[in-house]
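> I would like the atomic coordinates for the input below:
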Amino acid sequence: MKICILGAGKMGTWLTDALCLEHEVAIFDHDISKLRYVFNTQRLTKLDEISEFAPEILINAVSLKYTLDAFKEVLPYLPKDCILSDIASVKTGFQEFYESSGCRYVSTHPMFGPTFANLKDLSMHHAIIITQSDHLGKAFFKDFFASLGLNIHDYSFDAHDETIAYSLSIPFSSSLVFAACMKHQKAPGTTFNKHMNIAKGLLSEEDHLLTEILFNPFTYEQVENIRFQLKHLLSLIKEKDSVGMQAFLNTVRANIEE
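I've put the predicted structure just below:
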């Protein structure tokens, strides 16, 4: 297929590498310096060049803050039958945009980052395909994700955001609070070091990505639950409630049993 990717960031350039051997791929970015190390792919910097390329699928890989604006900018330059696609980590407002556009669309979320994932083995990683998407678009991404060995899940727009709020905002928030309590001193302990490595990995991500996840409209409820559980734990510690602590530990062990 003829595929145009918007945005030459980490995910955009990774997508070109992953798709260019099986498809005719072009990547568009206003900043030509970002296209310097893109290979086996047409490099586009002008909107008219998108018209000339005439993509069958347009994959929007710009940051969430600019995703809808980027769609609106390029819509006049796309063939009428071009399928719109996004890989955004939060889907709020996307269904309304797609339906108002009159275009076919497919919305997905590859739940890994090219910075830390082992791209040679993605079998432990996951990808979500939104159920309301166009049939052909869903088929394309199911084949693509399956070729990478990803575990594929189907969610509606709302169910996706609820799932992401649970699966990402809880560990993100916990790691941020852990890092906020750190002092400039070394501390022994395997558990401490493991938490520190997780926090360092999280904080090496781009700020806009962390903000996107934490500003998910379903995130607040999840973080509020962290505060509730922390308040309960703090009460047990203050009262030195051994019976209550045992009950708490039994509960949390049961929560993480597979």
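
> Distance check, the most centrally placed residue in the chain against Asp207.
Residue closest to the average C-alpha location in the chain (C-alpha atoms, centre = their mean): Ser89, at 3.7 Å. For Ser89, the distance to Asp207 (C-beta to C-beta, to the nearest Å) stands at 14 Å. Yep, even glycine has a C-beta here, placed from its N, CA and C like the rest.

> what comes into contact with the helix or strand harbouring Ser235?
Assigned by DSSP states H and E, Ser235 belongs to helix 219-239. For helix 219-239, contacts defined as C-beta atoms under 8 Å, 6 or more residues apart in numbering pick out Ala165, Tyr166, Ser169, Ile170, Ser173, Ser174, Val177, Ile213, Asp241, Gly244, Met245, Phe248.

> give me that answer again for 7 Å
Residues from elsewhere that reach helix 219-239 (C-beta atoms under 7 Å, 6 or more residues apart in numbering): Ala165, Tyr166, Ser169, Ile170, Ser173, Ser174, Gly244, Met245, Phe248.

> The nearest residue to Leu84 once chain neighbours are set aside: what's it in contact with?
Counting by C-beta to C-beta, 6 or more residues apart in numbering, Leu84 lies nearest to Tyr105, which is 4.4 Å off, once chain neighbours are set aside. By C-beta under 7 Å, 6+ apart, Tyr105 lies in contact with Ile83, Leu84, Ser85, Tyr98, Ser133, Asp134, Gly137.

> about what we covered before: flag every buried residue along the helix holding Ser235.
Thr219, Gln222, Val223, Leu236 (16 or more other C-beta atoms under 10 Å).

> Now do the SS call for the nearest residue to the residue nearest to the centre of the chain once chain neighbours are set aside.
Excluding the flanking residues, the one nearest Ser89 by C-beta to C-beta, 6+ apart is Glu212, at 5.3 Å. Counting by DSSP: H, G, I helix; E, B strand; the rest coil, the backbone at Glu212 sits in helix.

> Numbering from 44 from now on, please.
Sure, I'll start counting at 44 from here, so that last one is Glu255.

> Show me what the helix or strand hosting Thr206 is packed against.
Using DSSP H and E, Thr206 sits in helix 200-207. Using 3 or more C-beta pairs under 7 Å, 6 or more residues apart in numbering; DSSP states H and E, the elements in contact with helix 200-207 are strand 169-173.

> any idea of the mean pLDDT in the strand it packs on?
Taken as a whole, strand 169-173 has an average pLDDT of 97.

> tell me the contacts of Gly287?
Per C-beta under 7 Å, 6+ apart, neighbours of Gly287: Leu279.

> Next one, pLDDT for it please.
So Gly287 comes in at 97 (pLDDT).

> Using PDB, list the CA coordinates for the helix or strand encompassing it.
Assigned by DSSP H and E, Gly287 falls within helix 285-299. Extracted C-alpha coordinates of helix 285-299, given in PDB (Å, rounded to 0.1, in the frame of the first residue of the first chain):
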ATOM      1  CA  SER A 285      -0.400  -5.500  63.100                       C
ATOM      2  CA  VAL A 286      -3.800  -7.200  62.400                       C
ATOM      3  CA  GLY A 287      -4.800  -4.500  60.000                       C
ATOM      4  CA  MET A 288      -1.400  -4.700  58.300                       C
ATOM      5  CA  GLN A 289      -1.700  -8.400  57.800                       C
ATOM      6  CA  ALA A 290      -5.100  -8.000  56.300                       C
ATOM      7  CA  PHE A 291      -3.800  -5.300  54.000                       C
ATOM      8  CA  LEU A 292      -0.900  -7.500  52.900                       C
ATOM      9  CA  ASN A 293      -3.200 -10.400  52.200                       C
ATOM     10  CA  THR A 294      -5.400  -8.200  50.100                       C
ATOM     11  CA  VAL A 295      -2.600  -6.800  48.000                       C
ATOM     12  CA  ARG A 296      -1.000 -10.300  47.500                       C
ATOM     13  CA  ALA A 297      -4.400 -11.500  46.200                       C
ATOM     14  CA  ASN A 298      -4.600  -8.500  43.900                       C
ATOM     15  CA  ILE A 299      -1.400  -9.400  42.100                       C
END
